[in-house]
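> build me a model from this:
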Amino acid sequence: MRDCCLITGASRGIGKTIAITLAQDYGLHILINYASNEAAALETVAEIEANGGTAELLQFKVQDYEETTTAIDSWIKSHPEDQIKVLVNNAGVTKDNLLVFMEKDDFNNVIDINLRGTYNVTKAVINHMVRKRYGRIVNVASLAGVKGVPGQTNYSASKGGMIAFTKSLAQEVAKRKITVNAVAPGFISTDMTKDLPEDELKKLIPMNRFGTPEEVAGTVSFLVSEKAAYITGEVININGGIS
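All right, here's what the predicted structure looks like:
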């Protein structure tokens, strides 16, 4: 029997670093979810295996309920001896614009992937965890969901919804030894932030720097550990001191 961890959007960025970290820290078999970039997802698998871990690919679009449910259900049925003990909802996109210029599709797509995707994946996994009477769910939210960011009404709404989702679900499943928490990264050095004016934005951060994916992954690692067994429904900000 293998203890497994499903991470959505794990082909690059924060998701990739979380995957590598959890494989190293706990020996979890990592299920690398990706939507389309198979080459990048295979690179994540290769890095995990190079460090002595194990991983496999699990392709589905999180915003598609039927596709997500079918992929996860099929995996669970074909691996009856294995247990998905950890779920990290990390998949996310941005389509930034001021609301007066924001197109309907740009609002809907961000909500569909970031928030509806969190529902779709968690819904497919939660019954498995409830039956096993154990689980760790960590949702990767954002500073935008905590305090709002101008030009990101869609992204802020999706991540704010994810935080509310986290707090509600935590209360529903606590008696089954399932914890549900969120991390809220601020400005982290990834592909998603590479085009931002870093020198200007650093002035808003008390620590005067962007964070690293490893700093986010370290917090996620703590939340899935037994040291965090009495923590649920919480949001941990990882933003260098922005208030």
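> hey, let's count contacts and neighbours off CA atoms from now on
Will do.
> in this protein, spot the helix with the most residues.
Taking residue count as the measure and DSSP state H as the definition, the longest helix of the chain comes out as helix 153-173.
> which residues sit against the next helix-or-strand element following that helix?
Moving toward the C-terminus from helix 153-173, the first helix or strand encountered (DSSP states H and E) is strand 178-185. With Cα atoms under 8 Å, 6 or more residues apart in numbering as the test, strand 178-185 has contacts from 129-130, 133-143, 145-146, 163, 166-167, 169-170, 173, 216, 219-220, 223, 229, 231-239.
> phi and psi next, for the residue of the chain most remote from its centre.
Relative to the centre of the chain, and counting by Cα atoms, centre = their mean, the farthest-placed residue is V100 at 29.3 Å. Geometry field for V100 lists phi and psi as phi -60, psi -20, criterion degrees, to the nearest 10.
> same deal with C5?
Dihedral angles for C5 - degrees, to the nearest 10 - are phi -140, psi 130.
> list the contacts for the closest residue to it other than its chain neighbours?
Leaving out its chain neighbours, the residue that sits closest to C5 by Cα to Cα, 6 or more residues apart in numbering is V86, at 4.5 Å. Taking Cα under 8 Å, 6+ apart as the definition of contact, the neighbours of V86 are 4-6, 135-138, 224.
> and the lowest mean pLDDT element among the helices and strands of the protein?
For the chain, scoring each helix and strand by mean pLDDT, DSSP states H and E identifies helix 198-201 as the least confident one, at a mean of 79.
> so which residues make contact with that one?
Surrounding helix 198-201, the residues in contact under the criterion Cα under 8 Å, 6+ apart are F210.
> and after that helix, which helix or strand comes next?
Helices and strands here follow DSSP H and E; after helix 198-201, the next one along the chain is helix 213-223.
> need the contact partners of stretch 103-115.
Residues external to stretch 103-115 that are found in contact with it (Cα under 8 Å, 6+ apart): 62-63, 91-95, 154-155, 157-159, 161-162.
> show me the contacts for the most centrally placed residue in the chain.
Relative to the mean C-alpha position of the chain, the nearest C-alpha, by Cα atoms, centre = their mean, is the one of N90, at 2.0 Å. Residues in contact with N90, defined by Cα under 8 Å, 6+ apart, are 7-10, 14-15, 139-141.
> report the two of these separated the most.
For the contacts of N90, the maximum inter-member distance is 14.9 Å, found between A10 and A141 (Cα to Cα).
> picking up where we left off before, tell me how far the residue nearest to the centre of the chain lies from A164.
Using Cα to Cα, to the nearest Å, we find N90 at a distance of 16 Å from A164.
> E103 now?
Between E103 and A164 the computed distance is 25 Å (Cα to Cα).
> which of the two has more residues huddled nearby?
Higher neighbour count among E103 and A164: A164, with 15 against 12, using other Cα atoms under 10 Å.
> pLDDT wise, what is the more buried one at?
pLDDT, the model's per-residue confidence, is 98 for A164.
> so how far is N51 from it?
The gap separating A164 from N51 is 36 Å, by Cα to Cα.
> any regions of the protein where pLDDT drops low?
By pLDDT under 70, the low-scoring segments of the chain are 192-195.
> which residue ranges of it form helices?
So, for the chain - with DSSP H - the helices run 13-26, 38-50, 65-78, 104-111, 117-132, 143-147, 153-173, 198-201, 213-223.
> would you turn those helices into TSV with distance to T190?
Putting those into TSV (distance: least, Cα to Cα, whole Å) gives the following:
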stretch	distance to T190
helix 13-26	5
helix 38-50	14
helix 65-78	26
helix 104-111	18
helix 117-132	21
helix 143-147	15
helix 153-173	17
helix 198-201	12
helix 213-223	7
